[in-house]
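K.L.:
build the 3D model from these lines:
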Amino acid sequence: MRSAQHWRWRTLLGLLAAFTLLAAACGDSDSGSESSSDSSSDSAESADAAEDADPEDDESEAAAGAEDDGDESIRLGIMGECEGPFGGFHEDVVAGTLLALINEAGASSVSATTALDGFGGASIAGVDIELVGIGCGDDTADRALQEIRTLVEQQGANVVIGPLSGDEGIAIANYALDHPEVTFVNGIAGAQDATLHVDAPNFFRFNGDGAQWNAGIGDIVVNEAGWKTAAVIADDYGFGWTSSAGFVADFCAAGGEIVSYVYPPLGTTDYSSFVQQLPDPDEVDGYFWVVGGTGTNAALEAFVDGKGDLNGSQHAGNLFFNPGIASVLGTDIAGAYVGGFASLPGDITTPAIADYLDSADAAWESLTGALTGGEPASPSTTLGFGFAYGYYIGTLAFVQALDAVGGDLSDNHAALRAELSSMTVNGPYGDVSLDDNRQGIVNTFIAQLVLDESSGEIVQETVAIVPSVDQTFGGTYSADTAPPERDNTACEPRDLPWHGNLIPVVDGVPQG
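P.N.:
Now for the predicted structure:
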């Protein structure tokens, strides 16, 4: 299996079981760090020690790092995610970073069945790359700061890849402002604020933010599904706000009206009271879902219990709204549209995509990531999903930039950072360049959940490509606009550059 589009009921049960097992395995600080690389020792415990340390010691360590600038080696830290709503993707994101190093820097994985044991043998332009630690995030900013301090101030990382989640990204971007000796490359965190407003000169993001990933889906549901009104239900944190804001801006630009917003806290397990706040199906044309992690299925179950059977033509969602989750409650979800990186076009085959997925299968015998249902499976399953791919494309950019500057790490990585800022990284799913805030300009893929008549299963088909979406979202956002928070995106008709200009995809073939 090479993409997320053919997940089955059994896979989802395994996925939920994997979340539970990972939560148990990472239930305390010591066990959480043991589940990652051996080189990442007692992650949360050492983070607590860092928090209690004398500030003068921290300053002296940071100064030592800056003085060590002439040391031509990369001490790499990976900011992973072993706990919380997205804890099941810890293996996935670490594998994304390792695969880029395997493909481009001569690395080899220590283990044939897990990425969490780390790698060896990586070198670019004569510069050795050593893994010093793997952070154990849990989706919260506080934990992210503990973990990043461990990686940088105790384990000596001078390059960090990560994190996964929105509020973590904002926290680490702010941390980067105070640590100019370290280069940070985002993993897949998608809160807008991390780049558009924090603007740390040593923080680079080669993935889209949550708003960018929803470009075009509002246009589709207005002009293809006939929606005029919509209700939004979104996780109540930085990424949820950004993702829902992208839909709102796109939907309203196309002439739609938002009639209701509901924001359950991230990690909610009982969504019944939040679903009751939504209008009934006969009161609204459609619902847009931005509920992720372990919450997507629980929220949809609550909807069925409280509002009745699903009608796919009345539902759309962001990256979490995929076949394996949404179809668990039956095939009635057919017709729903999906935005975001979860619609990496598994039904579009190019030589670059095939080579990328083949390289994953060559790097490991199997991986047990979130998408494998807690069972060893083909590594290309893990690497074909956006969480792993975000870490891959960020690490790929870092490695290519380091090679382009001949391994020059002098002057707080000045040459490396200039190259990262100006380069175009050639990824298997499209080229990515950065804007003036070091934020990715990306292609967005819009998909639809459809019923495969031959198998009787829900699968995902790419229906359109939105090329070169930037973070301003067609002029909607700038450094002078407030970051998305709950429902502060204005709902108003406007011209967006991709409206009427989407590239159709038919049977996996782009038509333009």
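
K.L.:
now the residue positioned nearest the centre of the chain. Nearest residue, chain neighbours left out?
P.N.:
Nearest to the geometric centre of the chain sits Ile188, at 3.3 Å (C-alpha atoms, centre = their mean). Distances taken as C-beta to C-beta, 6 or more residues apart in numbering put Gly390 closest to Ile188, at 2.9 Å, once the chain neighbours are dropped. Every residue, glycine included, has its C-beta placed from N, CA and C.

K.L.:
doesn't that neighbour belong to a helix?
P.N.:
Yes. Counting by DSSP: H, G, I helix; E, B strand; the rest coil, Gly390 falls inside a helix.

K.L.:
re the thing from before, what sits against the residue nearest to the centre of the chain?
P.N.:
Residues in contact with Ile188, defined by C-beta atoms under 8 Å, 6 or more residues apart in numbering, are 93, 164, 207, 341, 386-387, 389-391.

K.L.:
do you know how far the closest residue to Gly162 other than its chain neighbours is from Phe385?
P.N.:
Distances taken as C-beta to C-beta, 6+ apart place Met79 nearest to Gly162, at 2.6 Å, with adjacent residues excluded. For Met79, the distance to Phe385 equals 18 Å [C-beta to C-beta, to the nearest Å].

K.L.:
neighbour count: these two, which is higher?
P.N.:
Met79 (30 against 24; other C-beta atoms under 10 Å).

K.L.:
that older thread, name the SS class of the residue nearest to the centre of the chain, please.
P.N.:
Per three-state DSSP, Ile188 ends up coil.

K.L.:
remind me what the host helix or strand of Phe387 packs against, helices and strands.
P.N.:
Secondary structure assignment for Phe387, by DSSP states H and E: helix 386-404. When contacts are defined as 3 or more C-beta pairs under 8 Å, 6 or more residues apart in numbering; DSSP states H and E, helix 386-404 sits against helix 90-104, strand 122-124, strand 159-161, strand 183-185, helix 379-383, helix 410-422, strand 424-427.

K.L.:
compute the inter-axis angle for that helix and helix 90-104.
P.N.:
Relative orientation of helix 386-404 and helix 90-104, computed by axes from the mean of the first three to the mean of the last three C-alpha atoms, to 10 degrees: 30 degrees.

K.L.:
follow-up on the earlier one: redo the helices and strands packed on helix 386-404 as CSV? Include distance to Leu371.
P.N.:
Converted to CSV, those look like this (distance: least, C-beta to C-beta, whole Å):
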stretch, distance to Leu371
helix 90-104, 7
strand 122-124, 26
strand 159-161, 20
strand 183-185, 23
helix 379-383, 5
helix 410-422, 29
strand 424-427, 19
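
K.L.:
which of the ones you listed sits closest to Gln471?
P.N.:
Closest to Gln471 of the helices and strands packed on helix 386-404, according to C-beta to C-beta: helix 410-422, at 14.6 Å.

K.L.:
please, which helix or strand holds the residue nearest to Gly162?
P.N.:
Using DSSP H and E, Met79 falls in strand 73-81.

K.L.:
Val466: what secondary structure?
P.N.:
strand.

K.L.:
verify the contact between it and Ile441 for me.
P.N.:
No. Counting by C-beta atoms under 8 Å, Val466 does not reach Ile441; the two are 11.6 Å apart.

K.L.:
which one of those two has more residues nearby?
P.N.:
When neighbours are counted by other C-beta under 10 Å, Val466 and Ile441 differ, and Val466 comes out ahead with 27 against 19.

K.L.:
tell me the spacing between the more buried one and Trp213.
P.N.:
10 Å.

K.L.:
again, but for Lys307
P.N.:
26 Å.

K.L.:
before we move on, what about Val221?
P.N.:
Applying C-beta to C-beta to Val221 and Trp213 gives a distance of 15 Å.

K.L.:
with Ala173 instead?
P.N.:
From Ala173 to Trp213 the distance is 19 Å (C-beta to C-beta).

K.L.:
who has more neighbours out of these two?
P.N.:
Neighbour tally, Ala173 and Trp213, criterion other C-beta under 10 Å: the higher count belongs to Trp213, 29 against 25.

K.L.:
mind listing what the closest residue to that one other than its chain neighbours touches?
P.N.:
Excluding the flanking residues, the one nearest Trp213 by C-beta to C-beta, 6+ apart is Gly340, at 3.9 Å. Going by C-beta under 8 Å, 6+ apart, Gly340 touches 210, 213-214, 243, 318-320, 386, 444.

K.L.:
ok, of these, which one's closest to Pro510?
P.N.:
Closest approach to Pro510 among the contacts of Gly340 (C-beta to C-beta): Thr444, at 13.0 Å.

K.L.:
just to revisit the earlier point, between Val466 and Trp213, which contacts overlap?
P.N.:
Residues within reach of Val466 and of Trp213 at once, by C-beta under 8 Å, 6+ apart, are Thr444.

K.L.:
next, the buried residues of stretch 443-461.
P.N.:
443-451, 457-461 (16 or more other C-beta atoms under 10 Å).

K.L.:
with secondary structure and pLDDT added, can I get these in a markdown table?
P.N.:
Below are these laid out as a markdown table (DSSP: H, G, I helix; E, B strand; the rest coil; pLDDT from 0 to 100):
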| residue | secondary structure | pLDDT |
| --- | --- | --- |
| Asn443 | strand | 88 |
| Thr444 | strand | 89 |
| Phe445 | strand | 89 |
| Ile446 | strand | 92 |
| Ala447 | strand | 91 |
| Gln448 | strand | 92 |
| Leu449 | strand | 91 |
| Val450 | strand | 91 |
| Leu451 | strand | 90 |
| Glu457 | strand | 86 |
| Ile458 | strand | 87 |
| Val459 | strand | 87 |
| Gln460 | strand | 87 |
| Glu461 | strand | 90 |
